[in-house]
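Q: quick one, structure for this:
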Amino acid sequence: MNLTLDRQSSTPLTQQVVAQLQGWITQQRLRPGSRLPSIRQLARELNVSQSCVIEAYDRLVATGLLEARHGAGFFVAEQRQGPPVVDQPFRDESFDNRWQQFNDQQTDLLNLCCGWLPSSWRASEAIAQAVRQVSRGPVEDLLDYCPPLGLTSLRSQLHKRLEQIGIQVSPQQILTTQGASDGLDLLVRTLLKPGDKVLVESPGYYNLYNLLRHHQIEMLYMPRTCTGPDLQVLEGLLKQHKPRCLYINSLYHNPTGSSLAPKVAYRLLELAREHDVQIIEDDIYADFQDGAVTRLATLDGEQRVIYLASFSKTLSSSLRCGYLVAEPELVARLAELKMVAGLGTSRFTEQVVAQMLANGSYRKSVARLRPRLAQHMAKTLGQLEASGWEVFTEPYGGMFVWARRPGWDFAALNREAMACSVLLAPGSAFDPQGAASEWLRINVAYVQDQRAQAFFKRTR
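A: Have a look, this model is predicted:
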């Protein structure tokens, strides 16, 4: 394989690798099933980071040119209508999921950039106990379909939890989902059509970008500041483009760790009212809350905010249980689509989560998580400062720090990280256009590992 990258070009290296691979596969007329070089091998040959190769392979898998075989590598896929054209970043599954698959194959690597907590931090015994209790319960909880809006016992518990954080709604306004991503997909398919415009944060949630691209929705980019979206840019975009929706991650923002300031929140709601924009508030990190916080849904007197949350970050990613809150009419439309698309959510899963909410085991679990995360956040911020790193902001909760090492590019940092068996993700992964970035997402729950400590020492 003879690929040539132009390091002076404004085209990101990942995009160049994608185009070069596509051309090479086409010109060589490789047969379906032909194996491509391993991630390590191609990264070494091109003198790029392994994360760059992962991203390139990931895009080609999403377009159907390649297929990924777990534990075996990447292979040329069967082409039914000729090779696809790759002209923009797109992934058919979450970036974190692909990163997890790669990390599963590289068990010696510490995934410092991941979006989940260590397994040892999870309430595994409490989950197992709830599973046993549900298994011994009524047989319908094991075998029957779930009601369209979700299990009544779970929605009752969710109603109580929402009241505790100041979100006053009726049970008819709560719809359970298979995680927050499922909720987002339902909303996009219900509220939007191809060509519609949506405001998104930059940097922000990469899987949202992919979802919107898939549905041919035009994205308008709001720069994220330490206190929320840049209001001046936001107001200009609202006046010029008249978007349908605005997506925001208010608390412990992914990836910057910042949270919405009260003044910004009130002005954002004013602008939404003036320009008739629906707000989708993703509060997936809600249960990491420690102290007073500002949520748009608690300030919304006009029901302009659709509220999303999930248990995947605090409880279990595999249980796939989330929920959204909206006006009853919209909830009814979403429930209909939910049943058409997948015959509803898992009754068993929802019964397990409801059991943990009812018996208090979930509350105890997150009560242990919060101080533990706070301690790791404080240590991480101190260690980053001592190693010469700069942080975007000092988060007061959550698990992410958005940081950079002045004078170092990603390739240089990645070489040092790999020398310490540490896996990083490029900041470009969190940019809606895939633009190069000096910033990295760091998960504080993993920083005290000796491999991470060795990496930061090497960057001093």
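
Q: going by C-alpha atoms from here, please, whenever you check contacts or count neighbours.
A: Fine.

Q: going along the chain, name the helices of the stretch 101-250 of the chain.
A: Secondary structure of the stretch 101-250 of the chain (DSSP state H, counting those that start in this stretch): helices located at 124-135, 140-143, 152-164, 179-191, 206-214, 231-241.

Q: reformat these as TSV; add mean pLDDT.
A: Formatted as TSV, those follow (pLDDT from 0 to 100):
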stretch	mean pLDDT
helix 124-135	93
helix 140-143	82
helix 152-164	94
helix 179-191	95
helix 206-214	91
helix 231-241	96
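
Q: which of these sits closest to Asp409?
A: Ranking the helices of the stretch 101-250 of the chain by their distance to Asp409 (criterion: Cα to Cα) puts helix 206-214 first, at 21.1 Å.

Q: for the closest one, which positions count as buried?
A: The neighbour-count check on helix 206-214 (16 or more other Cα atoms under 10 Å) flags Tyr206, Asn207, Leu208, Tyr209, Asn210, Leu211, Leu212, Arg213 as buried.

Q: again, but for stretch 132-142
A: Of the residues in stretch 132-142, Val134, Asp141, Leu142 count as buried by neighbour count, 16+ other Cα under 10 Å.

Q: for it, give me every contacting residue.
A: Residues from elsewhere that reach stretch 132-142, judged by Cα atoms under 8 Å, 6 or more residues apart in numbering: Arg347, Phe348, Gln351, Val352, Gln355.

Q: return the distance of the fourth one relative to Leu142.
A: Looking back up the chat, that one is Val352. Going from Val352 to Leu142 by Cα to Cα, to the nearest Å gives 11 Å.

Q: what's the angle from the longest helix along the chain to helix 124-135?
A: Identified as the longest helix of the chain according to DSSP state H is helix 361-386. Interaxial angle, helix 361-386 versus helix 124-135 (axes from the mean of the first three to the mean of the last three Cα atoms, to 10 degrees): 150 degrees.

Q: helix 361-386 - contacts with which helices or strands?
A: Counting contacts by 3 or more Cα pairs under 8 Å, 6 or more residues apart in numbering; DSSP states H and E, helix 361-386 is packed against strand 390-391.

Q: in its sheet, what does the strand it packs on sit against?
A: The pairing partners recorded for strand 390-391 under DSSP bridges are strand 400-404 (antiparallel).

Q: surely Tyr362 is in contact with Met356?
A: Yes - using Cα atoms under 8 Å, Tyr362 is in contact with Met356, at 5.2 Å.

Q: common neighbours of those two, please.
A: Common neighbours of Tyr362 and Met356, counting by Cα under 8 Å, 6+ apart, are Ala126.

Q: ok, the closest residue to Ser170 other than its chain neighbours - contacts?
A: The shortest distance from Ser170 to any non-neighbouring residue, by Cα to Cα, 6 or more residues apart in numbering, is to His159 (7.4 Å). Counting by Cα under 8 Å, 6+ apart, His159 touches Val169, Ser170, Pro171, Ile174.

Q: quick check: Phe455 is in a strand.
A: No - using DSSP: H, G, I helix; E, B strand; the rest coil, the assignment for Phe455 is helix, not a strand.

Q: hmm, it is touching Cys420, no?
A: Yes - if you go by Cα under 8 Å, Phe455 and Cys420 touch, sitting 5.8 Å apart.

Q: on the three-state scheme, Ile279 is what?
A: At Ile279 the chain is in strand, as set by three-state DSSP.

Q: for it, give its distance to Gly257.
A: For Ile279, the distance to Gly257 (Cα to Cα) stands at 20 Å.

Q: do Leu369 as well
A: Applying Cα to Cα to Leu369 and Gly257 gives a distance of 17 Å.

Q: which one of these two has more residues nearby?
A: Higher neighbour count among Leu369 and Gly257: Gly257, with 26 against 19, using other Cα atoms under 10 Å.

Q: what about Gly344, distance to Thr177?
A: 8 Å.

Q: identify the contacts common to the two.
A: Overlap of the contact sets of Gly344 and Thr177 (by Cα under 8 Å, 6+ apart) consists of Gly150.

Q: the more surrounded of those two?
A: A side-by-side neighbour count of Gly344 and Thr177, using other Cα under 10 Å, places Thr177 first with 29 against 21.

Q: list the beta-bridge partners for that one.
A: Beta-bridge partners, per DSSP bridges, of Thr177: Gly322.

Q: tell me the pLDDT of it.
A: Note on Thr177: pLDDT of 96.

Q: next one: Pro148
A: pLDDT for Pro148: 94.

Q: then Thr294?
A: Looking at Thr294, its pLDDT is 89.

Q: contacts only, for it.
A: So, once contact is read as Cα under 8 Å, 6+ apart, Thr294 ends up touching Ser250, Leu251, Ser259, Leu260, Ala261, Pro262, Ala265.

Q: list buried residues within those residues.
A: Neighbour-count burial (16+ other Cα under 10 Å) applied to the contacts of Thr294 gives Ser250, Leu251, Ser259, Leu260, Ala261, Pro262, Ala265.

Q: surely the last one is within a helix?
A: Read that as Ala265. Yes - counting by three-state DSSP, Ala265 falls inside a helix.

Q: can you give me the neighbour number for the residue nearest to it when sequence neighbours are not counted?
A: Leaving aside its chain neighbours, Ala265 sits nearest to Leu296 (6.3 Å; criterion: Cα to Cα, 6+ apart). The local packing of Leu296 (other Cα under 10 Å) involves 25 other residues.

Q: my read: Leu296 touches Lys263, true?
A: No - in this structure, Leu296 is not within contact of Lys263 by Cα under 8 Å, at 11.2 Å.

Q: neighbouring strands for the strand of greatest length in the chain, and are they parallel or not?
A: Longest strand of the chain, by residue count under DSSP state E: strand 218-225. According to DSSP bridges, strand 218-225 has the following sheet partners: strand 197-202 (parallel), strand 228-229 (antiparallel).

Q: tell me the angle of the first one relative to helix 231-241?
A: In this structure, strand 197-202 runs at an angle of 160 degrees to helix 231-241, with the same axes, to 10 degrees as the basis.

Q: ok, and what's touching strand 197-202?
A: The contact list for strand 197-202 (Cα under 8 Å, 6+ apart) reads 217-224, 229, 241-248, 430-432.

Q: point out where the stretch 201-350 of the chain drops to low pLDDT.
A: Low-confidence segments of the stretch 201-350 of the chain, defined by pLDDT under 70, are absent.

Q: that's all I had, so thanks and see you.
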